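In: Structure, please.
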Amino acid sequence: MKNEFKVSIITPVYNAERFLRETSSFVVNQTYQNWEWLLVDDCSQDNSRNILKELASKDKRIKPVFLDINGGSGPARNIAIDQASGKYIAFLDSDDFWSLNKLERHVAFMQEHDASFSHTSYGFTNEEGNRIRDTYHVSRKPVTFKDLLKRTEISCLTAMYDQEKIGKYFMPDVRRKQDYALWLSILKDGYCSIPLDEELALYRQVKGSATNNKFKLIFKHYSFLRKYAQLSRLEAIKYSIHWGLNGLKKYYL
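Out: Here you go, the predicted model:
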């Protein structure tokens with residue numbers, strides 16, 4: 001099975017010059033080499049565009065797209081998803097890390113379990129790339145729509161879906177929670193995400209990020225569930241409380 005199935009890696013880029021070369025090393029040096037990397041630059045004001053051109057000149061599998069109007073990470077990812085030609089679609093933000101066997105292990109797992117959608121466990125680093133906190137271990141059972149309403153278990157840098165099985169799924173045009181909305185839309189259609197409890201990625205927690213302000217986001221989460229998950233007021237309140245408590249446990253306890 002080695003390298004049999006092409007993986008399309010989706011990365012939005014905005015003012016990421018500090019991290020792009022480091023992140024690229026975790027893609028280029030993957031043990032699984034049948035991939036394309038679609039990086040959509042969302043009108044960066046730093047040196048990101050030049051770095052992307054440099055990376056692409058060294059590897060034809062690296063395919064940058066340069067936008068003229070800033071639209072946010074969701075629309076940027078959607079452009080890449082639309083262009084993706086691989087069987088599998090995977091996601092990696094411009095400042096995060098993958099283990100070098102991430103694709104090899106994850107593709108093999110999805111083949112073994114005939115999975116349409118899957119996610120893995122992951123760790124955390126601070127802004128400087130130093131390891132912080134313990135591994136976040138995913139559940140041992142398939143994650144359903146109702147499960148994901150209670151907790152944000154699926155992290156974008158660990159998610160992978162099979163577009164040959166379920167088609168292309170896109171993110172809504174919102175500034176926050178685009179990835180969460182995408183996972184919910186897949187699960188709401190009756191699919192499950194099959195968890196792989198192995199740490200295959202590291203999330204870089206940047207100061208001031210949304211994950212550092214959970215308490216301020218509970219009402220916004222409630223509004224999100226009302227609008228995008230189309231829950232009743234009572235359901236949105238119930239699941240927002242679950243989400244807030246699980247977020248507190250995940251990031252602070």
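In: can you give me the helices for the stretch 1-150 of the chain?
Out: 20-28, 48-58, 73-83, 102-112, 145-150 (DSSP state H, counting those that start in this stretch).
In: Quick one: list the elements packing against the shortest one.
Out: It refers to helix 145-150. On a contact count with 3 or more C-beta pairs under 8 Å, 6 or more residues apart in numbering; DSSP states H and E, helix 145-150 meets helix 178-188, helix 233-252. Heads up, the C-betas are built off the backbone N, CA and C, glycines and all.
In: got a list of contacts for it?
Out: Identification of contacts with helix 145-150 by C-beta atoms under 8 Å, 6 or more residues apart in numbering yields 139, 153-154, 180, 183-184, 187-188, 193, 225, 229, 231, 239, 242-243, 246.
In: picking that back up, so which of the helices and strands packed on helix 145-150 is the most packed in?
Out: helix 178-188 (a mean of 21; mean count of other C-beta atoms under 10 Å).
In: So what touches that helix?
Out: Contact partners of helix 178-188, identified using C-beta under 8 Å, 6+ apart, comprise 72-74, 77, 91, 117, 143-145, 148-149, 152, 154, 156, 159, 161, 166, 169-172, 174, 193, 224, 228-229.
In: Sitting in strands, which of those do you find?
Out: F91, F117, Y161 (DSSP state E).
In: With neighbour count, distance to K60 and pLDDT added, can I get those residues in TSV?
Out: Shown next, in TSV, are the ones in strands among the contacts of helix 178-188 (neighbours: other C-beta atoms under 10 Å; distance: C-beta to C-beta, whole Å; pLDDT from 0 to 100):
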residue	neighbour count	distance to K60	pLDDT
F91	25	21	98
F117	23	29	98
Y161	26	25	98
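In: Arrange these in a markdown table, one row each, with distance to E17 as further columns.
Out: Shown next, in a markdown table, are these (distance: C-beta to C-beta, whole Å):
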| residue | distance to E17 |
| --- | --- |
| F91 | 21 |
| F117 | 33 |
| Y161 | 30 |
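In: And those, which is closest to I132?
Out: F91 (21.7 Å; C-beta to C-beta).
In: mind checking the SS state of the closest residue to F109 other than its chain neighbours?
Out: In this structure, F109 finds its nearest non-sequential neighbour in L196, 4.9 Å apart by C-beta to C-beta, 6 or more residues apart in numbering. At L196 the chain is in strand, as set by DSSP: H, G, I helix; E, B strand; the rest coil.
In: so how many other residues sit close to L196?
Out: 22 (other C-beta atoms under 10 Å).
In: now it: how far from T120?
Out: L196 is 4 Å from T120, where distance means C-beta to C-beta, to the nearest Å.
In: do the same with D162
Out: Taken as C-beta to C-beta, the span from D162 to T120 is 15 Å.
In: more neighbours, the two?
Out: T120 (26 against 21).
In: quick one: the more buried one and Y203 touch, right?
Out: No. Judged on C-beta atoms under 8 Å, T120 makes no contact with Y203 at a distance of 11.5 Å.
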